[in-house]
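1. model the structure of this input:
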Amino acid sequence: MGNGVEGLYEPQQFPVAAPAGWVPAVGGVLNLVGVFDTRRRTWVGLPLDALTEALVAAERLHAEDRIDARNGQADVTIPDASDEGTVRTQEIEVPAGEVWFINRFNLVTEDEVTGNIRISRFPKVDDVDKRYLETNQAAGEDVNYDLADPGELGTELRLVGGDKVTVVGTADALTTADRDVTLTLFGRKARRLVE
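-> This is a model prediction of the structure:
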């Protein structure tokens, strides 16, 4: 007696490769990667996109650490007496093998400097990472950008190992002292399931 599937899955030995639609043997048994189409009454291979989406959804459930000022902060200093238009940048790089889900940016600009954020995962613009903000954040502001809000991304930003978030500081006028632009990422590090 059993569950009615005896004989459906048989231990197999294949000299080169398993048949299409099957996963290599685990413990001497082949497992189907597919679903049964009841209209056509046939097995249909599972689209890899569907599997990838399910794994990304699962990644979100496996938080391993917080991302905050301890591991997700970068600041740049525009030196005293810098001319208007002087630009400085600093990157935050996601370590290899990790996946980060960022839900908020906090960007702080001191007097005489503006700030912006560049994201390596976004499309390039003239061979440079695309800016997150359409126009630079004005001098002397401390703003939170909640990425799930309407008008923002509408969801968290998923970054994998090697992805970079760059803070860009620009002198808005001749600086009269050292001026900082600080970016802090908030979110979580998760268990990576998808390359």
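
2. next, the buried residues of stretch 122-133.
-> By neighbour count on 16 or more other C-beta atoms under 10 Å, the buried set for stretch 122-133 is 129, 131-133. For glycine as for every other residue, the C-beta is placed from the backbone atoms N, C-alpha and C.

3. same deal with stretch 143-154?
-> In stretch 143-154, counting by 16+ other C-beta under 10 Å, buried: 145, 147, 153.

4. not counting that stretch itself, show me its contacts.
-> 102-108, 132-133, 137, 155-157 (C-beta atoms under 8 Å, 6 or more residues apart in numbering).

5. next one: it to chain centre, how far?
-> 15 Å (C-alpha atoms, centre = their mean, to the nearest Å).

6. that one spans what distance, first to last residue?
-> 17 Å (C-alpha to C-alpha, to the nearest Å).

7. now do stretch 85-97
-> First residue to last in stretch 85-97 (C-alpha to C-alpha) measures 37 Å.

8. quick one: residues in contact with that stretch.
-> So stretch 85-97 is contacted by 72-79, 100, 118, 159-171, 175, 181, 183, 185, 192 (C-beta under 8 Å, 6+ apart).

9. in strands, which of these appear?
-> 73-78, 100, 118, 159-160, 164-171, 181, 183, 185 (DSSP state E).

10. give me the buried entries from those residues.
-> Applying 16+ other C-beta under 10 Å to the ones in strands among the contacts of stretch 85-97 flags 73-74, 76-78, 100, 118, 159-160, 165-171, 181, 183, 185 as buried.

11. any idea how far residue 47 lies from residue 112?
-> 53 Å (C-beta to C-beta, to the nearest Å).

12. could you find the closest non-adjacent residue to residue 133?
-> residue 116 (5.1 Å; C-beta to C-beta, 6 or more residues apart in numbering).

13. thanks a lot, catch you later.
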